[in-house]
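> starting from these lines, generate the structure:
(2 chains)
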There are 2 protein chains.
Amino acid sequence: MNTVPGFLAGAVSAGIKKDSGHDDFGLLYSKTPARAAAVFTTNVVKAAPVVLGMGRIRNGLCQAVVVNSGNANACTGQQGTLDAEETAAAVAVELGIDPSLVIPSSTGVIGVPLPMKQIKEAVPALVSSLREDGLEDFARAITTTDGFPKFTSSTTKIGGKTGTVSVVGKGAGMIAPNMATMLSFTLTDIDIAPSALKTALKTVVEESYNKIIVDGDISTNDTALILSNGALGNSPLKESGGDYTQLLELLIELNTEIATMIVRDGEGATKVVKIVVKGAASPTDAEKIARAMGTSLLVKTALYGQDANWGRFVAAAGAAGVEFDPSRVDLYFDEHKVVENGAQVLEESVVGRVFKKPEFTVTLDIKSGSSTAHVLTSDITHDYITLNADYRT
Amino acid sequence: MNTVPGFLAGAVSAGIKKDSGHDDFGLLYSKTPARAAAVFTTNVVKAAPVVLGMGRIRNGLCQAVVVNSGNANACTGQQGTLDAEETAAAVAVELGIDPSLVIPSSTGVIGVPLPMKQIKEAVPALVSSLREDGLEDFARAITTTDGFPKFTSSTTKIGGKTGTVSVVGKGAGMIAPNMATMLSFTLTDIDIAPSALKTALKTVVEESYNKIIVDGDISTNDTALILSNGALGNSPLKESGGDYTQLLELLIELNTEIATMIVRDGEGATKVVKIVVKGAASPTDAEKIARAMGTSLLVKTALYGQDANWGRFVAAAGAAGVEFDPSRVDLYFDEHKVVENGAQVLEESVVGRVFKKPEFTVTLDIKSGSSTAHVLTSDITHDYITLNADYRT
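Below you'll find the predicted structure:
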């Protein structure tokens, strides 16, 4: 994990999680106010810190991000808003910066007020924990049912100088308890102009986190945030030119790594499967079908059962609300064509071994046009049911 | 179970199901051609018998319905169409009626050709099995993973005469293997005019089967069929008047009973929960939210875990794509108000005992208008995963 010049990170335990002793309170800090952009959940029911963050991101600057796990601060009414503001304010005071430059973020159980006494008491220790190489600790502190912390990092040459990008994410695959919360924080010392930063993040989210199946259970807390503090000293990148394109590709690559980790870490998941839809009349059609296939419980249980039951894939596609001619579709499991023009052409036993692999690709060609889309999905397992039925008990 | 004058039913084993010995081949027969209407699956991928049935129902008459379980005859290409036609033709020959008056129906595994040799050999025995009181045998023969056969029956006075309505259904709740196949067959000796029959069935399906959650996994085979043979000798009911209204209510009542049985028999389900959305700006908004809540895996696992985790219900509603003000919503578990204006007002422990009940109601009031909608849903359990991951193995 590369440190990113000008950024510090840290974590402590504030005793918010039931199994206290594990860190559950993390902080990201930029020595100078960083340019910032964010994408938040589309759920109508937004957690208090999301509502606050949506307001604060408008000025395009952020110097600190304070995150707690164990409690989502969602469906907590007016008190929730005050608690989010108070958390950010306490951090701002301790850091000696303007409170409007602090964005709070929360993940965990819904409907329970934040334990503000514990949180406020933990703030001084949290600020003291800030270190240049604190990002992995931060990554661990923001997990909930995650099986492992998620971070990745790389460097790229910008105008002859070496810039760094590090991404920390949080989320457990197919679905997470209390609404699949997905958080991601991208830090870079490369200076990116405000409008380019916004555009880049939007593209990055579309190409990474929006391609993973979280089952329609859209979180109240989903947040993707990018901070660019310009410590590299390059002239701010605009939305054109080779440097921008190169950086955008790197951002997509790193965030796709995090997104893939989230699917792989699906609650109880044993498989990561890429579902590709080809030959659609429009990108929207392709995406609708890919999502319908990746969300279908019958598809997900077939993946878990290692059952190359191709009819479930075709029928799930047919329920997507997109017209196509079922008598023309081809279906592939990895490179093996299983269905040609709507009828089986390969013995399932031949492809049975594909279904034993931890990662493979299912491709459906509906031959109605030239658009393509894909999603990453996981299987649904007994462990998933156990985790989510017993989450709070 | 009342017999319906002028109708016979029967069943035999054709050895289509793996556990042969159980009947898997059923027949409904009207002594005279009956007026008929049907509603079929909206899946783009339609089973061969559905496509055939959609054509045959257009003439508004049907004298026999032949149903096999164990094989859906879906995704079976041109051969599937020929097989469906051949099955109906074999039955027609044995009955001595016009093949266009026979509607075939199938449910079971997708993508496997029908075992036509066995089916054709079983047709004479199937026709010989027809009896006035054969409807329960028929109900058993059309089940797949159903835990119990589903039928109900009642009578009503029409113009001074006693008419009978019997309904046989098939389907296993939340979702059935190979796409949640739901079949229902309503038989009546009451004469109903063709356009009234169509309108009535559409309303009945909307009020019964379309209110149960089958998880977006729309079957390739779903079929609801009504046959009216006029044996009662009444003057055909038109779409108005007290007799029609009374009959429509009875049809809705009986089909809702079958729909509720399907949810109660959900694969592995332990609960049937009614989700009501009130105060929506339009019926469409109300229905979207109710469906989103009833489909959410986090809601379904909370029901299974008997966890009165109200935040999951509110957050699932927020993901429905309908705007509302989360700070104004009220939520009830049965008669207990848990949330008022977006914040918790009752200790969860008080309502915990509601979640231990096998049946209860969750009501969300979004206070944006006066429209209401409801769905019936079940929980998702370990048994569900086992049944669907291991269905064919």
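
> for the closest residue to A:Ile380 other than its chain neighbours, what are phi and psi?
Nearest in space to A:Ile380, with sequence neighbours left out and distances taken as CB to CB, 6 or more residues apart in numbering or on different chains, is A:Lys300 at 4.0 Å. C-betas here are computed from N, CA, C, even on glycine. Note on A:Lys300: backbone dihedrals following degrees, to the nearest 10 are phi -70, psi -40.

> just give the nearest non-adjacent residue to the closest residue to chain B within the stretch 1-150 of chain A, would you?
Nearest residue of the stretch 1-150 of chain A to chain B: A:Ile110, at 2.6 Å (CB to the nearest CB). Distances taken as CB to CB, 6+ apart place B:Gly311 nearest to A:Ile110, at 2.6 Å, with adjacent residues excluded.

> again, but for A:Ala200
That would be A:Leu248: by CB to CB, 6+ apart, it lies 5.4 Å from A:Ala200.

> A:Glu267 falls within a helix, correct?
No: secondary structure of A:Glu267 (DSSP: H, G, I helix; E, B strand; the rest coil): coil, not part of a helix.

> thought it was touching A:Thr386?
No: contact criterion CB atoms under 8 Å: A:Glu267 and A:Thr386 do not qualify, at 9.0 Å.

> these two: which has the busier surroundings?
Using other CB atoms under 10 Å in any protein chain shown as the criterion, A:Glu267 and A:Thr386 rank with A:Glu267 on top: 24 against 17.

> distance check, that one against chain B.
Look at A:Glu267 and chain B: by CB to the nearest CB, to the nearest Å, they are 10 Å apart.

> again, but for A:Val299
9 Å.

> for A:Phe333, same thing?
Separation of A:Phe333 from chain B (CB to the nearest CB) stands at 13 Å.

> doesn't A:Arg353 make contact with that residue?
No: using CB under 8 Å, A:Phe333 and A:Arg353 do not qualify as a contacting pair, with a distance of 9.6 Å.

> who's more crowded, the two?
Applying other CB under 10 Å to A:Phe333 and A:Arg353 shows that A:Phe333 carries more neighbours, namely 25 against 14.

> what about A:Val299, how many residues close to it?
26.

> with A:Asp383 instead?
Using other CB under 10 Å, A:Asp383 has 15 other residues around it.

> part of a strand, is it?
No: counting by three-state DSSP, A:Asp383 falls outside a strand, being helix.

> contacting residues for it?
With contact set as CB atoms under 8 Å, 6 or more residues apart in numbering or on different chains, A:Asp383 has these partners: A:Glu267, A:Gly268.

> again with A:Lys288
Contacts for A:Lys288 (CB under 8 Å, 6+ apart) come out as A:Ala320, A:Gly321, A:Val322.

> scan those residues and report the most crowded one.
A:Ala320 (24 neighbours).

> which SSE is the residue nearest to that one when sequence neighbours are not counted in?
In space, and not counting its chain neighbours, A:Ala320 is closest to A:Ala292: 3.6 Å by CB to CB, 6+ apart. Using DSSP states H and E, A:Ala292 sits within helix A:283-295.

> can you give me the mean pLDDT across that helix?
What helix A:283-295 shows for mean pLDDT is 93.

> and what of stretch A:206-219?
78.

> then stretch A:382-393?
Summarised as a single mean, pLDDT over stretch A:382-393 is 66.

> show me the shaky parts of chain A.
Per-residue confidence for chain A (pLDDT under 70) gives these ranges: A:20, A:173-180, A:214-217, A:390-393.

> what is the distance between the helix ranked longest in it and the centre of its chain?
The longest helix of chain A (DSSP state H) is helix A:242-264. Between the centre of helix A:242-264 and the centre of its chain there are 11 Å (CA atoms, centre = their mean, to the nearest Å).

> picking that back up, chain center to the helix holding A:Ala292: distance?
Helix A:283-295 sits 19 Å away from the centroid of its parent chain (CA atoms, centre = their mean).

> now it - C-alpha only, CSV.
Extracted in CSV, the C-alpha atoms of helix A:283-295 (Å, rounded to 0.1, in the frame of the first residue of the first chain):
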residue,chain,number,x,y,z
PRO,A,283,-26.7,-0.2,-23.8
THR,A,284,-29.8,0.2,-21.6
ASP,A,285,-31.3,-3.0,-22.9
ALA,A,286,-28.0,-4.8,-22.4
GLU,A,287,-27.7,-3.6,-18.8
LYS,A,288,-31.3,-4.4,-17.9
ILE,A,289,-30.9,-8.0,-19.0
ALA,A,290,-27.4,-8.4,-17.4
ARG,A,291,-28.9,-7.0,-14.1
ALA,A,292,-31.9,-9.2,-14.3
MET,A,293,-29.7,-12.3,-14.7
GLY,A,294,-27.3,-11.3,-12.0
THR,A,295,-30.0,-10.6,-9.5
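
> any idea of the angle it forms with helix B:283-295?
Per axes from the mean of the first three to the mean of the last three CA atoms, to 10 degrees, the angle that helix A:283-295 makes with helix B:283-295 is 40 degrees.

> next, the buried residues of helix A:283-295.
Within helix A:283-295, the residues scored as buried using 16 or more other CB atoms under 10 Å in any protein chain shown are A:Asp285, A:Ala286, A:Glu287, A:Lys288, A:Ile289, A:Ala290, A:Arg291, A:Ala292, A:Met293, A:Gly294, A:Thr295.

> one more: stretch A:133-140?
Going by neighbour count (16+ other CB under 10 Å), the buried part of stretch A:133-140 is A:Gly134, A:Leu135, A:Asp137, A:Phe138, A:Ala139, A:Arg140.

> inside helices: which ones of those?
Among the buried residues of stretch A:133-140, the residues falling in helices (DSSP H) are A:Leu135, A:Asp137, A:Phe138, A:Ala139, A:Arg140.

> what's the last one in contact with, if anything?
Yep, that's A:Arg140 we're talking about. By CB under 8 Å, 6+ apart, the contact set of A:Arg140 is A:Ala11, A:His22, A:Asp23, A:Pro149.

> gap between A:Leu82 and B:Gln79?
Distance from A:Leu82 to B:Gln79, counting by CB to CB, to the nearest Å: 67 Å.

> please disregard the earlier target; I meant A:Ala286.
Distance from A:Ala286 to B:Gln79, by CB to CB: 29 Å.

> my read: A:Lys161 touches A:Gly230, true?
No: if you go by CB under 8 Å, A:Lys161 and A:Gly230 don't touch, sitting 11.6 Å apart.

> of the two, which one has the most company?
Neighbours per residue, other CB under 10 Å: of A:Lys161 and A:Gly230, the larger number sits with A:Gly230, 20 against 12.

> where do the strands sit along the stretch 1-150 of chain A?
Taking DSSP state E, counting those that start in this stretch to define them, one finds strands in the stretch 1-150 of chain A at A:7-12, A:25-40, A:61-71, A:102-109, A:150-158.
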